[in-house]
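Trainee: heads up, no residue letters with this:
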């Protein structure tokens, strides 16, 4: 029998709270990985990784960074034979809701210490370009003599160049230094958080012409590149050959996550076939759900001295996840949708069950399930779930057809035990 793992090893067998950075623990996604590599070596091609929440976009973007710096472990794992190691200088940045425009994004990239800031100070030409942009960048910029520049108020100074020009000049100066053979790679995670993306496509087009040694990999929640970019005309051309649409994971890929977690603790605790299949079914293609359920199932087993997990153990884990609010965002959305109504919860779960197997929800199918569980007027509660008062989780497509706006919420709604006892 395998030696008992430490509690730290058990806690880190699954990763619901972070991206997968280790190629050995990265599961499935053979074609997306190959497509990302081809986009990296294709001149003039930017990358867009798009898909639903909880589907593994950020983890794939981390693997793109690994590949871009010459780590071919994942390429070998998926069976792609390559004859060289790439040499990019990667810059990773995750957007937040505080970034309202692409100009603000460029400012963050220029001034953030983990992005371009330190590189810019080391290259005189790049530093000089930054210092010309007085309003935003004069605060804290070190002068050529090594002394800190005086703070200059934005309202009293006019920039010599706009931020797009400054960014272009800075990255051009860095590329000219040939610190990385293949150039600069900007990986922008949560790009969908930027409120107004107007002008970004035009900027990328100009940047590609002026500084061909720069690539962008943008990552975000969207159904297609036009939805992510909010600009239809140029988006397809800018990302031709580099649009990576991540679908739901298939069952074998989800199983690979579970088996990888077991292997990381030398199979000391294992999911039996029923437990494995239950987790896979509950996840509905979302690796995040496998990591979330798996993490707390292992914790429970380790605490109780167990070495085999059954389907019943998974049920108990789900109850614990809901009770403790382990994912406060999903749990908060669920409780807002349900509010104080057991009948609304029944309707929500009926809709989620239909959505899980179909692209759209035909209300007749959901209504039948709800009525069978004692709901007299399910259409009333469907109407509630479209409104902001209940989280607007449901979107009306056309008469009698709806869909949830977030497939991860669908998976959570199906997996979560009911708050109320169903009416008979």
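Mentor: That came through, no problem. Given the structure is predicted, the values throughout are model-derived calculations rather than measurements.
Trainee: can you give me phi and psi for residue 90?
Mentor: The main-chain torsion angles of residue 90 are listed as degrees, to the nearest 10 and equal phi -90, psi 140.
Trainee: Just confirm it contacts residue 65, I think it does.
Mentor: Yes. Residue 90 is within contact range of residue 65, at 4.6 Å (criterion: Cβ atoms under 8 Å). The way it works is simple: take the backbone N, C-alpha and C, and place the C-beta from them, glycine included.
Trainee: Next, show the common contact partners of the two.
Mentor: Shared contacts of residue 90 and residue 65, defined by Cβ atoms under 8 Å, 6 or more residues apart in numbering, are found at 185, 187.
Trainee: What mean pLDDT does the helix ranked longest in the chain get?
Mentor: Counting residues, the longest helix found in the chain (DSSP state H) is helix 287-304. Confidence for helix 287-304, expressed as mean pLDDT, is 95.
Trainee: so who does the closest residue to residue 56 other than its chain neighbours touch?
Mentor: Residue nearest to residue 56 in three dimensions, not counting chain neighbours: residue 287, with 4.8 Å by Cβ to Cβ, 6 or more residues apart in numbering. In this structure, residue 287 makes contact with 27, 54-56, 59, 249, 253-254, 257, judged by Cβ under 8 Å, 6+ apart.
Trainee: what would the residues you listed look like in CSV with secondary structure and neighbour count?
Mentor: Formatted as CSV, the entries for the contacts of residue 287 read as follows, by DSSP: H, G, I helix; E, B strand; the rest coil; neighbours: other Cβ atoms under 10 Å:
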residue, secondary structure, neighbour count
27, coil, 22
54, coil, 27
55, coil, 23
56, coil, 28
59, helix, 24
249, coil, 23
253, helix, 18
254, helix, 26
257, helix, 25
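Trainee: if we take the residues you listed, which one ends up nearest to residue 177?
Mentor: Nearest to residue 177 among the contacts of residue 287: residue 59, at 31.0 Å, using Cβ to Cβ.
Trainee: Output the below-cut-off pLDDT ranges for this structure.
Mentor: Across the chain, the ranges flagged by pLDDT under 70 are 1, 133-161, 231-236, 357, 421-424.
Trainee: all helices in the stretch 201-350 of the chain, in order from the N-terminus.
Mentor: Applying DSSP state H, counting those that start in this stretch to the stretch 201-350 of the chain gives helices spanning 225-229, 232-238, 251-264, 273-283, 287-304, 311-324, 328-338, 342-357.
Trainee: Compare the ones you listed and report which one is nearest to residue 210.
Mentor: Closest approach to residue 210 among the helices of the stretch 201-350 of the chain is made by helix 232-238 (14.3 Å; Cβ to Cβ).
Trainee: picking up where we left off before, same list (the helices of the stretch 201-350 of the chain) but as CSV, adding distance to residue 384.
Mentor: CSV is the format used below for these (distance: least, Cβ to Cβ, whole Å):
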stretch, distance to residue 384
helix 225-229, 26
helix 232-238, 34
helix 251-264, 33
helix 273-283, 25
helix 287-304, 25
helix 311-324, 21
helix 328-338, 8
helix 342-357, 6
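Trainee: Please identify which of the ones you listed is closest to residue 130.
Mentor: Of all the helices of the stretch 201-350 of the chain, helix 232-238 sits nearest to residue 130, with 26.1 Å by Cβ to Cβ.
Trainee: re the thing from before, out of the helices of the stretch 201-350 of the chain, which gets nearest to residue 74?
Mentor: Between residue 74 and the helices of the stretch 201-350 of the chain, the shortest separation by Cβ to Cβ is 13.2 Å, and it involves helix 251-264.
Trainee: Check which residues of the closest one are buried.
Mentor: Of the residues in helix 251-264, those buried by neighbour count under the rule 16 or more other Cβ atoms under 10 Å are 253-258, 260-262, 264.
Trainee: Show me what stretch 301-315 is in contact with.
Mentor: 5, 7, 10, 268-272, 274-275, 277-279, 282, 293, 297-298, 300, 417.
Trainee: ends of that stretch, how far apart?
Mentor: Its start and end residues considered, stretch 301-315 measures 13 Å (Cα to Cα, to the nearest Å).
Trainee: what separates it from the chain centre, distance-wise?
Mentor: Relative to the chain's own centre, stretch 301-315 is displaced by 29 Å; criterion: Cα atoms, centre = their mean, to the nearest Å.
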